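Asks: Kindly return the folded structure for what I paste below:
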Amino acid sequence: MALKCGFTPQYKELEELHRKYKNQLIIIGFPCNQFLWQESGSEESIASFCQIKYDITFPITEKVKVKGNIQHPIYQWLTQESKNNKSNYKVS
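Replies: Numbering: from 1, shown residues only. So this is what the prediction gives:
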C-alpha cells in the first residue's frame with residue numbers, strides 16, 4: 001500500500017475484488033514506508049484514509065518491512081524459495 005503514490009486508486013479495484021469474492025479470496029493491505037516514504041502516516045491514519053476515501057473494508061495490517069534484515073515473515077515467505085517452495089523474488 002502506498003497512499004502518496006500513483007497506484008493509490010488501486011484500492012477501489014481491490015475493494016471491488018474483496019466484496020465480489022469475499023467467500024473465496026482474502027485481500028489484505030500491508031502498509032510499508034520503505035518505498036520513497038510514501039506511507040509515512042500512522043497506522044490509524046492510513047486505515048482511516050483508506051476507509052474514508054475508498055470505503056475499504058478488507059483488513060489492513062500494521063506497517064511492515066518488506067525488504068532488508070527485518071523483513072516481515074509474510075514477505076520472507078513470498079520472496080524466498082526456501083520458505084515458499086516456488087521461487088525467489090527480490091524486492092527492490
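
Asks: Show me what secondary structure element comes after the lowest-mean-pLDDT helix or strand in the chain.
Replies: Sorting the helices and strands of the chain by mean pLDDT, DSSP states H and E puts helix 43-54 at the bottom, at a mean of 88. Remark: after helix 43-54, the chain's next helix or strand is helix 73-79, criterion DSSP states H and E.

Asks: Now Ser40: closest residue in space that isn't a chain neighbour?
Replies: Of all residues not flanking Ser40 in the chain, Asn33 sits nearest, at 5.7 Å (CB to CB, 6 or more residues apart in numbering). To be clear about C-beta, it is placed using only N, CA and C from the backbone, and glycine gets the same treatment.

Asks: From Trp77, how far off is Ser85?
Replies: Actually, residue 85 is Asn. It isn't Ser. Distance, Asn85 to Trp77, by CB to CB, to the nearest Å: 10 Å.

Asks: Look at these two and report which has more neighbours.
Replies: Higher neighbour count among Asn85 and Trp77: Trp77, with 14 against 8, using other CB atoms under 10 Å.

Asks: Show me where this structure dips below the pLDDT cut-off.
Replies: Of all residues in the chain, those with pLDDT under 70 make up the ranges 1-7.

Asks: Spatially central residue for it, please.
Replies: When CA atoms, centre = their mean is applied to the chain, the residue found nearest the centroid is Phe30 (2.9 Å).

Asks: That one reaches Lys65, doesn't it?
Replies: No. Counting by CB atoms under 8 Å, Phe30 stays clear of Lys65, with 10.0 Å between them.

Asks: How about the contacts made by the closest residue to Tyr54 other than its chain neighbours?
Replies: Among residues not flanking Tyr54 along the chain, Tyr11 sits closest, at 4.0 Å (CB to CB, 6+ apart). By CB atoms under 8 Å, 6 or more residues apart in numbering, Tyr11 lies in contact with Met1, Cys50, Lys53, Tyr54, Ile56.

Asks: Surely the second one and Ile60 touch.
Replies: Yes. Checked against CB under 8 Å, the pair Cys50 and Ile60 is within contact range at 6.2 Å.
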